[in-house]
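Asker: pasting the structure only:
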């Protein structure tokens with residue numbers, strides 16, 4: 001009894017522990033992994049000194065506006081006050097006169113472009129030439145406490161600026177142009193620079209005039225030395241070459257006229273854009289000239305003009321796209337996202353235009369294989385007609401009813417195509433049926449005569465000619481005639497065939513035979529007890545139809 005009580009007590013305690021365990025587990029705090037360390041945000045500098053490009057452009061903007069106090073904040077120098085402002089002004093003049101125009105290539109990342117991994121906090125702005133050799137203009141990353149790390153012009157570069165400033169003289173443009181063109185400004189830009197911008201179209205017009213003069217000179221030389229008559233005074237320089245001449249003229253003027261850094265940056269960018277446009281345009285013109293040359297020297301390439309036109313347009317599109325990508329890369333724009341978007345869009349377009357692409361690819365295959373030419377007579381399924389045009393998507397066929405049928409190229413590529421006009425010979429194959437009354441001698445004479453006719457004819461292939469007694473058919477004796485005819489086209493073959501058939505009829509008539517007609521001969525037979533069988537030969541010869549009728553009446 002006590003044992004059973006103890007057993008029940010242990011069971012109750014176990015059940016109680018099991019019931020209480022979930023409450024205990026619920027109060028256990030799970031061990032969460034430590035949150036990932038968030039990269040601290042770079043403090044934003046109000047002067048834009050978080051990146052090398054921002055520091056250089058901010059310094060130049062402050063110096064251009066005459067804010068030397070703000071410009072001094074871009075220098076890593078122990079100087080303060082007026083001395084720092086004077087150094088900033090000297091640095092602005094040195095950069096304005098000597099620094100190469102490559103501001104768009106400066107890094108706009110907080111860590112810089114890292115040109116030297118051993119010096120990650122330095123970035124190169126540019127290299128200027130001095131009397132003592134080349135001087136690297138550097139910016140360095142300096143910790144400014146609460147402001148954070150900012151990019152400033154390095155101390156090593158600033159130490160040489162006063163000496164370089166002493167070397168500078170008056171710009172060449174200031175020695176050439178009147179003072180009012182230099183000091184008069186519109187939107188902080190000197191008036192002479194505005195005039196220079198307006199002179200670019202004039203340079204383009206001058207290159208056009210130069211091209212006409214060269215064209216006249218070349219035309220005169222051709223008429224004088226080669227005796228070529230006709231209009232030979234066409235413009236000699238195409239528009240892309242004229243643009244390249246304009247870019248070359250601007251570059252030459254920049255080399256002899258001292259311009260400010262921002263002006264040189266503007267004209268350098270303008271030269272880059274002009275050269276890019278001119279080069280892309282020139283390549284497109286060369287592509288078009290190549291297509292015209294191929295079509296002119298291969299006039300028999302039926303349909304190939306459409307393929308060449310498609311290839312030219314695809315190449316032009318690729319050239320334009322490459323020019324845009326090159327321009328974006330020059331200005332520091334990453335085109336990866338745009339390329340990925342174009343890839344996805346291209347897949348969507350390809351799926352939507354699946355049938356069109358199938359027809360285009362099939363058209364290219366037909367043209368490349370020379371399977372279809374304009375002017376060919378085709379038998380395509382139930383369609384018989386002449387090809388009028390071979391396009392990239394479909395082929396137009398003029399039927400015998402003078403209607404035009406447009407057949408998709410994808411359908412043509414999957415069908416059995418018979419080109420009737422591609423025959424080098426025409427098959428002459430009549431079957432002549434002679435009457436059964438034709439004697440063997442007559443038959444031999446007809447076969448020999450027709451064979452001699454085929455062998456002697458000048459427009460027949462004598463090696464293929466044969467004439468044979470073929471068979472005894474139901475109502476005729478059949479003679480097979482086989483030969484190949486050399487004819488220009490189907491109409492010419494029909495004329496030759498008609499002439500041959502007439503001569504065959506003459507040979508049959510000369511042999512004393514006749515051409516059989518579809519006919520049947522019936523032979524009647526009867527028993528001897530049938531009086532009608534005895535009466536038929538008696539009355540047929542005499543024509544006694546009435547007597548035969550009377551005899552039938554008596555029997556009845």
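Answerer: Perfect, I can see it now. No experiment lies behind these values; they were computed from the predicted model shown. Residues are numbered from 1 along each chain as shown.

Asker: would you list every one of the strands in this protein?
Answerer: Ranges of strands within the chain are 122-130, 133-143, 149-153, 185-186, 189-190, 377-380, 383-390, 394-399, 404-408, 417-419, 426-428, 431-434, 466-472, 477-485, based on DSSP state E.

Asker: Show me which of these has the highest average neighbour count.
Answerer: Stretch with highest mean neighbour count among these: strand 149-153 (a mean of 23; mean count of other CB atoms under 10 Å). Quick note: C-beta positions are derived from backbone N, CA and C, even for glycine.

Asker: returning to what we had before: using CSV, please lay out the strands of the chain together with distance to residue 95 and mean pLDDT.
Answerer: As requested, the strands of the chain are exported to CSV (distance: least, CB to CB, whole Å; pLDDT from 0 to 100):
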stretch, distance to residue 95, mean pLDDT
strand 122-130, 8, 87
strand 133-143, 7, 89
strand 149-153, 9, 90
strand 185-186, 19, 68
strand 189-190, 17, 68
strand 377-380, 75, 84
strand 383-390, 64, 85
strand 394-399, 64, 87
strand 404-408, 66, 87
strand 417-419, 73, 81
strand 426-428, 88, 92
strand 431-434, 102, 93
strand 466-472, 100, 92
strand 477-485, 90, 94
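
Asker: Output those in a markdown table, with distance to residue 161 appended to each entry.
Answerer: Shown next, in a markdown table, are the strands of the chain (distance: least, CB to CB, whole Å):
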| stretch | distance to residue 161 |
| --- | --- |
| strand 122-130 | 10 |
| strand 133-143 | 9 |
| strand 149-153 | 9 |
| strand 185-186 | 26 |
| strand 189-190 | 24 |
| strand 377-380 | 83 |
| strand 383-390 | 72 |
| strand 394-399 | 73 |
| strand 404-408 | 74 |
| strand 417-419 | 81 |
| strand 426-428 | 95 |
| strand 431-434 | 109 |
| strand 466-472 | 107 |
| strand 477-485 | 97 |
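
Asker: among the ones you listed, which is nearest residue 89?
Answerer: Closest to residue 89 of the strands of the chain, according to CB to CB: strand 149-153, at 13.0 Å.

Asker: Let me see the contact set for the nearest residue to residue 413 once chain neighbours are set aside.
Answerer: Once flanking residues are discounted, residue 413 sits nearest to residue 362: 4.0 Å by CB to CB, 6 or more residues apart in numbering. Going by CB atoms under 8 Å, 6 or more residues apart in numbering, residue 362 touches 408-410, 412-413.

Asker: and which of those residues is nearest residue 132?
Answerer: The closest of these, once distances to residue 132 are taken by CB to CB, is residue 409, at 73.0 Å.

Asker: Hmm, that closest one is touching residue 357, no?
Answerer: No: judged on CB atoms under 8 Å, residue 409 makes no contact with residue 357 at a distance of 11.1 Å.

Asker: what about those two, which has more around it?
Answerer: With neighbours defined as other CB atoms under 10 Å, residue 409 and residue 357 compare such that residue 409 has more, 25 against 15.

Asker: Could you check how far that one is from residue 355?
Answerer: Residue 409 sits 11 Å away from residue 355, taking CB to CB, to the nearest Å as the criterion.

Asker: Kindly report the same for residue 335.
Answerer: Distance of residue 335 to residue 355, given as CB to CB: 32 Å.

Asker: Just want to know which of those two has more residues nearby.
Answerer: Set side by side, residue 335 and residue 355 show more neighbours around residue 335, with 16 against 11, by other CB under 10 Å.

Asker: ok, that one to residue 315 distance?
Answerer: Applying CB to CB, the value for residue 335 to residue 315 is 20 Å.

Asker: any idea how far residue 325 is from residue 106?
Answerer: Relative to residue 106, and taking CB to CB, residue 325 is found at 21 Å.

Asker: Likewise for residue 97?
Answerer: Distance, residue 97 to residue 106, using CB to CB: 19 Å.

Asker: In terms of packing, which of the two has more residues around it?
Answerer: residue 106 (22 against 19).

Asker: Not counting its neighbours along the chain, what's nearest residue 425?
Answerer: Closest to residue 425 by CB to CB, 6+ apart is residue 484, at 3.9 Å.

Asker: quick check: angle from the lengthiest helix in the chain to strand 122-130?
Answerer: Looking across the chain with DSSP state H, the single longest helix is helix 261-297. Relative orientation of helix 261-297 versus strand 122-130 (axes from the mean of the first three to the mean of the last three CA atoms, to 10 degrees): 90 degrees.

Asker: what packs against helix 261-297?
Answerer: Using 3 or more CB pairs under 8 Å, 6 or more residues apart in numbering; DSSP states H and E, the elements in contact with helix 261-297 are helix 52-64, helix 82-98, helix 191-225, helix 239-256, helix 304-330.

Asker: okay, which residue is most central for the protein?
Answerer: The residue lying closest to the centre of the chain (CA atoms, centre = their mean) is residue 314, at 2.0 Å.

Asker: Can you give me the distance of that one to residue 284?
Answerer: Distance of residue 314 to residue 284, given as CB to CB: 12 Å.

Asker: do the same with residue 291
Answerer: Counting by CB to CB, the gap from residue 291 to residue 284 is 11 Å.

Asker: about what we covered before: sort out for me which of the contacts of residue 362 are in helices.
Answerer: In helices, judged by DSSP H, the following of those are found: 409-410, 412-413.

Asker: what would these look like in JSON lines with pLDDT and distance to residue 73?
Answerer: Shown next, in JSON lines, are the ones in helices among the contacts of residue 362 (pLDDT from 0 to 100; distance: CB to CB, whole Å):
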{"residue": "409", "pLDDT": "80", "distance to residue 73": "70"}
{"residue": "410", "pLDDT": "80", "distance to residue 73": "70"}
{"residue": "412", "pLDDT": "80", "distance to residue 73": "76"}
{"residue": "413", "pLDDT": "76", "distance to residue 73": "73"}
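
Asker: Pull the most distant pair out of the residues you listed.
Answerer: Going by CB to CB, the pair spanning the ones in helices among the contacts of residue 362 furthest: 410 and 412, at 7.4 Å.

Asker: picking up where we left off before, list the buried residues for the longest helix of the chain?
Answerer: Within helix 261-297, the residues that count as buried by 16 or more other CB atoms under 10 Å are 261-268, 271-272, 274-284, 287, 291.

Asker: and what of stretch 244-257?
Answerer: Of the residues in stretch 244-257, 244-247, 249-250, 254, 257 count as buried by neighbour count, 16+ other CB under 10 Å.

Asker: Between the strands of the chain, which one is closest to residue 330.
Answerer: It is, among the strands of the chain and with distance given as CB to CB, strand 122-130, at 16.7 Å.

Asker: For that closest one, which helices and strands make contact with it?
Answerer: When contacts are defined as 3+ CB pairs under 8 Å, 6+ apart, strand 122-130 sits against helix 52-64, helix 82-98, strand 133-143, helix 161-167.
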